[in-house]
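Colleague: Make a model of this:
(chains A and B)
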Amino acid sequence: RKEVEQDPGPFNVPEGATVAFNCTYSNSASQSFFWYRQDCRKEPKLLMSVYSSGNEDGRFTAQLNRASQYISLLIRDSKLSDSATYLCVALNNDMRFGAGTRLTVKP
Amino acid sequence: DVKVTQSSRYLVKRTGEKVFLECVQDMDHENMFWYRQDPGLGLRLIYFSYDVKMKEKGDIPEGYSVSREKKERFSLILESASTNQTSMYLCASRDRGRGNQPQHFGDGTRLSIL
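Modeller: This is a model prediction of the structure:
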């Protein structure tokens, strides 16, 4: 079983839609969590950290549920430029990545 | 800004060759990582290092070795390249000393083994 599991998608949504991704992790000792964004043929780039109390950055909201061991990312008012693959990450001694969820936002 | 530099964006080698992939970071980070990324499989950790001359196996170390002679440089070595090692290779570094810091990635090396 992979340490971090994500729904691979693809998610195809219209501009302006709200979309949510979930991710589960198996290592209860994981200390920190992140969402990365990866564009086609590019390296992953940090989108946001995920804090225990939940956190928001503009249209993006991240939530952590330690009891259920899942992390979520909510994107409101989707833009065409949000089209990318979103990677969920759990940090213990090293960082474990999910396989990514592919999002396509269409006009 | 953190800068992680991988020596090549694209590389083509032949089966059986010894291949070196180089990675340099300029932020004095202790932790460095090598991943490969394949369609449908996501990022898989090959090796990582917490400090100079230190290395730990990741999930898929077979067929690879690493070298960390200097803090800023982490090299991935394919001892005898095989076609199943054709992949995108990503190097990352992380500051271990400042709380729970994220990783920063290099641009990646697309390696083709013929």
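Colleague: hey, let's count contacts and neighbours off CA atoms from now on
Modeller: Fine.
Colleague: quick one: least confident helix or strand in chain A?
Modeller: strand A:95-97 (a mean of 84; mean pLDDT, DSSP states H and E).
Colleague: partner strands of that strand, parallel or antiparallel?
Modeller: With DSSP bridges as the test, strand A:95-97 is paired with strand A:84-91 (antiparallel).
Colleague: Show me the contact partners of the strand it pairs with.
Modeller: A:4, A:6, A:23, A:25, A:30-40, A:44, A:71, A:95-104, B:100 (Cα atoms under 8 Å, 6 or more residues apart in numbering or on different chains).
Colleague: quick one: contacts for the residue in chain B that chain A sits nearest to?
Modeller: Chain A sits closest to B:G42 of chain B, with a gap of 3.8 Å, by Cα to the nearest Cα. By Cα under 8 Å, 6+ apart, B:G42 lies in contact with A:F97, A:G98, A:A99, A:G100.
Colleague: tell me which parts of chain B are close to chain A?
Modeller: B:40-45, B:90, B:100, B:102-108 (Cα under 8 Å from any Cα of the partner chain).
Colleague: go with 10 Å
Modeller: Chain B has residues B:31-33, B:37-45, B:48-50, B:58, B:88-92, B:94, B:96, B:99-110 near chain A, with proximity defined as Cα under 10 Å from any Cα of the partner chain.
Colleague: Just the buried ones among the residues you listed, please.
Modeller: B:31-33, B:37, B:42-45, B:48-50, B:58, B:88-92, B:94, B:96, B:102-110 (16 or more other Cα atoms under 10 Å in any protein chain shown).
Colleague: What segments of chain B are strands?
Modeller: B:4-6, B:10-13, B:19-21, B:23-25, B:31-38, B:42-49, B:56-57, B:64-70, B:73-78, B:87-94, B:104-105, B:109-113 (DSSP state E).
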